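Enquirer: Pasting the sequence and the predicted coordinates here, then a few questions.
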Amino acid sequence: MNRRHFLVAGISLPSAIRIARSAPENPFDDLARLVEERRRELGIPGAAFGVIKNGQIQMRGFGITNIDDPRPVMPDTAFELASLSKTVTATAAMRLVEQGKLDLDAPVRRYLPGFQVQDQQATAAVTVRNLVTHAPGWEANYTVEDLGRESLGRWVATMGQMMQLAPPGRIWSYNNPGFGLLGHLIELATLMDIRDAFRELVFAPIGLDRASAQITDIITWPLTVGHRPGRNGMTEVVRPYSMGSSIPAGGVHMSMASLIKYAAFHLGEHDGANPNALGRKSREAMLVAQLRKEPTGEQMGIGWHLRTLNGVLTAAHGGTAGAGHRCHLQIIPERRLGFAILTNHTEGWRLLQSVERATLKAYEGLALTANQPICGYRGHTETLDHVTPLATQPATAEYIGRYRRGRGNPVEVRGAEGRLLVGDGETAQPILFYGPDLAFASDGPNKGTNHEFIRDNGQVKWMRVAGQIARKE
């Protein structure tokens, strides 16, 4: 057997789940060919693709781990999951909810009395549920200095400078600091470093052999490194290697074999390796909508981004690593389908989008409908190439203004010849509306990216770009 196609040895799966070979009616081989075609076209050194359908698993590795030390990518090769790690943080938090050590509706100050951000009302009101659903309302600036076990605690002590952009729970806005704070609450509840807490609450109970946030574990495994386009157009390794902005927001590593087993767990295909794993009812609760990503039709679950395709609920998360990895995981419980795509290049998001849509279509006939309102951000870039602009664009006046996204410079939205431009000077991007308060960049380097305008009492008050809000001044 070709080890680049399957790697059964070393994968411990519950008896209900089997490694499957392709059958004539199985679309896996066609999708694998698409992965390889896109990988070569985009200059991505390595990728991995895995599917679980009706309890049957198929996996394949493509290309190499590292252009400087080329080794074949296999299902047991580790990739950085980047923001997909947030589902692990949410899973750990829900296990602590089961144990009575966390309450989703408790204020953060119950567990961390000294906690504060700039806005005192937000300081008192923000809850654990707000953190795990990207709804604390404060700015998204986030840099954690690596100080080992003290990293999160030291960083949380600096949160007094965090600017509030919306009341807690009011608006969905992708928020790494919220998950950083949640990670520290997990540390306080377990009396463990977050890396050890993940092992005890998630990895060991589910039985994930190649899943860790410990560099001392990861460095001993077959490992991919991230890549990017170099100055001369040639692919180069991203150096130094990064573990993500912080462990709870983006520092977990997994192999495809472990990631598909993790997907199977959240699909309900198995209940883990021991009784300490998160219960089935709690996993189902994570897929219940908590708030709408207005003005789109998408929802946020507990750690999972929820989207309905042709009436079927899907739950997904992606990852964009500073070190170059791009990844995606999606589960469709109603159809007993889950799949994952891992890449080790900054252009990997383009492959993710192509393969995600092709997989949904091939297995279940699911697809975005024309001009379906979507947020376009679930942890990695997603362009709105399924939309067309409205024949009659709305009046620009109510959208024009300066939008503050944090302590940095505000974003300018101005009118020009009956259309809107977002940004300053020559870098400004034209945007066109495809639905009520829903727009996309119609030209420029970020063509196809989403821009949403959110109202309060009928007036435009916020703009959300690539998942993060800015408040109109």
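Expert: Here it is on my side, so go on.

Enquirer: can you pull the contacts of residue 292?
Expert: Residues near residue 292 by CB atoms under 8 Å, 6 or more residues apart in numbering: 172, 298, 299, 300. For glycine as for every other residue, the C-beta is placed from the backbone atoms N, C-alpha and C.

Enquirer: same thing but 10 Å
Expert: Contacts here follow CB atoms under 10 Å, 6 or more residues apart in numbering; on that basis residue 292 touches 171, 172, 298, 299, 300, 306.

Enquirer: Next: residue 334.
Expert: By CB under 10 Å, 6+ apart, the contact list for residue 334 reads 311, 312, 313, 314, 364.

Enquirer: 8 Å - rerun?
Expert: With CB under 8 Å, 6+ apart, residue 334 has these contacts: 312, 313.

Enquirer: per-domain residue ranges of this protein.
Expert: What automatic domain parsing lists as the domains of the chain is 1-377, 397-472.

Enquirer: closest to residue 383 out of those?
Expert: domain 397-472 (3.2 Å; CB to CB).

Enquirer: just to revisit the earlier point, from the contacts of residue 292, which ones fall inside helices?
Expert: Among those, no residue falls in helices (DSSP state H).

Enquirer: Can you tell me which of those residues is closest to residue 440?
Expert: For those, the nearest to residue 440 is residue 298 (15.1 Å; CB to CB).

Enquirer: Which per-residue confidence value corresponds to the closest one?
Expert: At residue 298, the predicted lDDT confidence score is 98.

Enquirer: Repeat that for the one 10 residues further on.
Expert: Note on residue 308: pLDDT of 98.

Enquirer: so which strand or helix has it?
Expert: strand 305-309 (DSSP states H and E).

Enquirer: partners of that strand in the sheet?
Expert: If you go by DSSP bridges, strand 305-309 pairs up with strand 299-300 (antiparallel), strand 312-320 (antiparallel).

Enquirer: Run the chain-centre distance for it.
Expert: Relative to the centre of its chain, strand 305-309 is centred 13 Å away, using CA atoms, centre = their mean, to the nearest Å.

Enquirer: Can you list the buried residues in it?
Expert: Buried residues in strand 305-309, counted by 16 or more other CB atoms under 10 Å: 305, 306, 307, 309.

Enquirer: Leaving out the residues flanking it, which one is nearest to the second one?
Expert: It refers to residue 306. residue 299 (4.2 Å; CB to CB, 6 or more residues apart in numbering).

Enquirer: Quick check: bridge partners of the one you found?
Expert: Residues in beta-bridge contact with residue 299 (DSSP bridges): residue 292, residue 306.

Enquirer: wait, doesn't it sit right on residue 287?
Expert: No - Residue 299 is beyond contact range of residue 287, at 9.8 Å (criterion: CB atoms under 8 Å).

Enquirer: Please identify every residue contacting each of those two.
Expert: residue 306.

Enquirer: Now do residue 230: how many residues are near it, please.
Expert: 10 (other CB atoms under 10 Å).

Enquirer: Residue 396 too?
Expert: 17.

Enquirer: Give me the phi and psi for it.
Expert: phi -80, psi -20 (degrees, to the nearest 10).

Enquirer: residues touching it, list them.
Expert: 415, 418, 419, 420.

Enquirer: Neighbour-wise, give me the winner out of the contacts of residue 292.
Expert: Going by other CB under 10 Å, residue 172 tops the contacts of residue 292 with 26 neighbours.

Enquirer: Assign a three-state SS to the spatially closest residue to residue 359 that is not a sequence neighbour, would you?
Expert: Counting by CB to CB, 6+ apart, residue 339 is the residue found nearest to residue 359 once chain neighbours are left out, at 5.1 Å. Classification of residue 339 by DSSP: H, G, I helix; E, B strand; the rest coil places it in strand.

Enquirer: likewise the one 10 residues further on?
Expert: What three-state DSSP gives for residue 349 is helix.

Enquirer: Give the PyMOL command for selecting the buried subset of the contacts of residue 396.
Expert: A single PyMOL command selects the buried members of these (16+ other CB under 10 Å):
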select buried, resi 420
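
Enquirer: Just give me the closest of the contacts of residue 396 to residue 135.
Expert: For the contacts of residue 396, the nearest to residue 135 is residue 420 (26.7 Å; CB to CB).

Enquirer: Surely that closest one is in a helix?
Expert: No - judged by three-state DSSP, residue 420 forms no part of a helix; its state is strand.

Enquirer: how near is it to residue 396?
Expert: Residue 420 is 5 Å from residue 396, where distance means CB to CB, to the nearest Å.

Enquirer: Then residue 135?
Expert: 29 Å.

Enquirer: quick one: which of the domains of the chain is nearest residue 391?
Expert: That would be domain 397-472 among those, by CB to CB, at 10.5 Å.

Enquirer: Span of that closest one from start to end?
Expert: Using CA to CA, to the nearest Å, one end of domain 397-472 lies 13 Å from the other.

Enquirer: Quick check: mean pLDDT of that domain?
Expert: Computed over domain 397-472, the average pLDDT equals 94.

Enquirer: how many neighbours does residue 473 have?
Expert: Residue 473: 8 neighbours (other CB under 10 Å).

Enquirer: Hmm, I typed the wrong one, I wanted residue 148.
Expert: Using other CB under 10 Å, residue 148 has 7 neighbouring residues.

Enquirer: cool, residue 322 as well?
Expert: Neighbours around residue 322, by other CB under 10 Å: 16.
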